[in-house]
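Novice: One predicted model, sequence on top.
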Amino acid sequence: MLAPGRRRSFQRRVLAWYAACGRDLPWRKTRDPYAILVSEILSHQTQISRVLPVYRLVLRRYPTVRAMANAPLADVKAITDPLGYKIRGHWLHAAALQVADRAGGRFPDTLVELQRLPGVGRYTAGAVMNFAHHRDAPLLDTNVARLLRRHFGVAASPRARTAELWALAAAIIPKGKGYLINQALMDLGAMVCRARSPRCGSCPLRRSCAFSRTARQGSRRPLP
């Protein structure tokens, strides 16, 4: 789908930007799949600044998946419900119960098994695979999808566009570096390629971005 040179250039610029500008987030300092799952479920449709204190409180109260499984659901929801999207406390508790029932309390380590956990879809399963198990898997959250759609000029119908974006998300992973490239893309989408007021001037991909190129061409047209 992508010419090798274009793919390598994209990877190189994104990873260099991340090394200099990536966010310092607490769940990036652990490989515990339980902690990663907590971070992903809490972050669902929620600003990171609001997630951080709740993430720390959840792990302080329930530091292991078994501690979460043994907790009263009402106590878990009392912590998570103020974030909104009140199903997330149920998802965390139900997923912990399911993991605790597995042989030895072993956390799932395949995409198929992970997606059997409550509240875990393709994206969250991929996040646990990348960030906990360090296995390459494509990720496509709102920020990454927007970045890829804009940069590569994906203009298909919604259903075809989703399939194309997942294919792009897989194609741009450097072998063995899924952890880094996916963290980088999420940060670049959230901090630079924003839904409103994108910061194209500071984007490392601006010279090859279809969205930026269209914006530049539009600015050169004479006013009517």
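Specialist: Thanks, I have it.

Novice: quick one: buried residues of stretch 52-72?
Specialist: Leu52, Val54, Tyr55, Val58, Leu59, Tyr62, Val65, Met68, Ala69, Ala71 (16 or more other C-beta atoms under 10 Å). Where you see a C-beta, it was placed from the backbone N, CA and C, and this is true even at glycine.

Novice: nearest to Gln45, of those?
Specialist: Val54 (13.7 Å; C-beta to C-beta).

Novice: still on that earlier bit, which members of the buried residues of stretch 52-72 are positioned in helices?
Specialist: Cross-referencing these against helices under DSSP state H gives Leu52, Val54, Tyr55, Val58, Leu59, Val65, Met68, Ala69.

Novice: out of those, who's nearest Ser208?
Specialist: Using C-beta to C-beta, those come closest to Ser208 at Leu52, 33.3 Å.

Novice: Apart from its chain neighbours, what residue comes closest to that closest one?
Specialist: Nearest non-adjacent residue to Leu52, counting by C-beta to C-beta, 6 or more residues apart in numbering: Pro26, 7.1 Å away.

Novice: and that neighbour, what does it touch?
Specialist: Counting by C-beta atoms under 8 Å, 6 or more residues apart in numbering, Pro26 touches Ser39, Leu52, Tyr55, Arg56.

Novice: hmm, back to that, please name the two of the ones in helices among the buried residues of stretch 52-72 that end up farthest apart in the structure.
Specialist: Across these, the longest distance by C-beta to C-beta is 23.9 Å; it joins Leu52 and Ala69.

Novice: Might you list the low-confidence residue ranges for this structure?
Specialist: Along the chain, segments meeting pLDDT under 70 span 1, 156-158, 216-224.

Novice: longest helix anywhere in it?
Specialist: helix 4-21.
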